[in-house]
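Chemist: Generate a structure from the sequence data that follows.
(2 chains)
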Amino acid sequence: MSEPRNDARTGAADEDAEGLPVYAEDGTDLTVIRWMLALSAEERLRWLQSHMQAVAALTRDQADA
Amino acid sequence: MIKPTPDFLQILRVLVRHDVEFVIVGGVAAVLQGVPVTTADLDIVHRRSEANVARLLAALEDLAAHSRLDSRGLRPGATHLLSAGHQLLTTNAGLLDLLGELVGQFRYEDLIEGAEAIQVENEAVHVLSLEKLIAIKTKLGRAKDLAVLPLIRHTLEEKRRRG
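Modeler: Numbers count the residues shown, from 1 in each chain, chains lettered A, B, ... in the order given. Modelled structure (predicted):
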């Protein structure tokens, strides 16, 4: 396994295990996009729903505190 | 009372069960195609034919849909759904926005052409393509639309790279 190259400014890795860039020029994390694309459409929708549930739970906790 | 967590799958199940003709637009269209964004509502553009509006009304009945702009809990009628206007609804499975037209210009018939058919629970649902989503969000030019453009563009590039 080769040593990952790191961005001089952020210290983050430049490339993933396949040698693909981790970040786009505008700072977008491309690994999140690749992870999302590996899911089925149904899994993506469930991811969205679980995210919204987590936000709602945090909001409830905040209100109860 | 607005349900705090959406169940978009349930809304889609009900719409499909009633054979409603619609195209998913907005954030859920982006998510279904792999864009990592979040949204609290499901936006659809429906065919504004009398037969489809009748099917849509039956689906809305199952979802206990009512206006979220009116405290009296008014339910949309056929005349509302036949118009080009937007119906912002609360349902028993989350927020659902019915758009007669998108950006005051695109009807169902304009959007279904080139829409992506995506399988969800073994049923095909039509979603606005990422290319069209980029064009529309660019045209709208609002801060919230422009903010997600880089994510949509990079997702499209990644999909093309994968072939």
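
Chemist: Could you pull out the helices in chain B for me?
Modeler: Remark: helices assigned in chain B by DSSP state H are B:8-17, B:26-32, B:50-62, B:78-82, B:108-112, B:130-140, B:143-162.

Chemist: want to throw the ones you listed into TSV with mean neighbour count?
Modeler: Placement of C-beta: from N, CA and C, glycine included. Shown next, in TSV, are the helices of chain B (neighbours: other CB atoms under 10 Å in any protein chain shown):
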stretch	mean neighbour count
helix B:8-17	20
helix B:26-32	24
helix B:50-62	17
helix B:78-82	14
helix B:108-112	18
helix B:130-140	16
helix B:143-162	15
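
Chemist: end to end, how far does stretch B:121-130 reach?
Modeler: End-to-end distance for stretch B:121-130, by CA to CA, to the nearest Å: 21 Å.

Chemist: avg pLDDT for it?
Modeler: On average, the pLDDT along stretch B:121-130 is 96.

Chemist: Could you do stretch B:73-82 as well?
Modeler: The average pLDDT for stretch B:73-82 rounds to 95.

Chemist: what's the distance between it and the middle of its chain?
Modeler: The chain centre lies 17 Å from the centre of stretch B:73-82; the measure is CA atoms, centre = their mean, to the nearest Å.

Chemist: shouldn't B:I134 be in contact with B:L151?
Modeler: No - if you go by CB atoms under 8 Å, B:I134 and B:L151 don't touch, sitting 10.6 Å apart.

Chemist: Contact residues of chain B facing chain A?
Modeler: By CB under 8 Å from any CB of the partner chain, the residues of chain B that approach chain A are B:4-9, B:28, B:31-36, B:38-40, B:118-121, B:150-151, B:154-155, B:158-159, B:162.

Chemist: quick one: B:A54 and B:G77 touch, right?
Modeler: No - B:A54 is beyond contact range of B:G77, at 11.3 Å (criterion: CB under 8 Å).

Chemist: and the closest residue to B:I118 other than its chain neighbours, how many residues sit next to it?
Modeler: Excluding the flanking residues, the one nearest B:I118 by CB to CB, 6 or more residues apart in numbering or on different chains is A:A41, at 4.7 Å. Other residues within reach of A:A41, judged by other CB atoms under 10 Å in any protein chain shown, total 18.

Chemist: Tell me who's in contact with B:R48.
Modeler: B:R48 makes contact with B:L81, B:L82, B:S83, B:A84, B:G100, B:R107, B:Y108, according to CB atoms under 8 Å, 6 or more residues apart in numbering or on different chains.

Chemist: Closest to A:Y23 out of these?
Modeler: B:Y108 (38.3 Å; CB to CB).

Chemist: partners of the closest residue to B:L111 other than its chain neighbours in the sheet?
Modeler: Leaving aside its chain neighbours, B:L111 sits nearest to B:V23 (4.5 Å; criterion: CB to CB, 6+ apart). Beta-bridge partners recorded for B:V23 (DSSP bridges): B:V45, B:H126.
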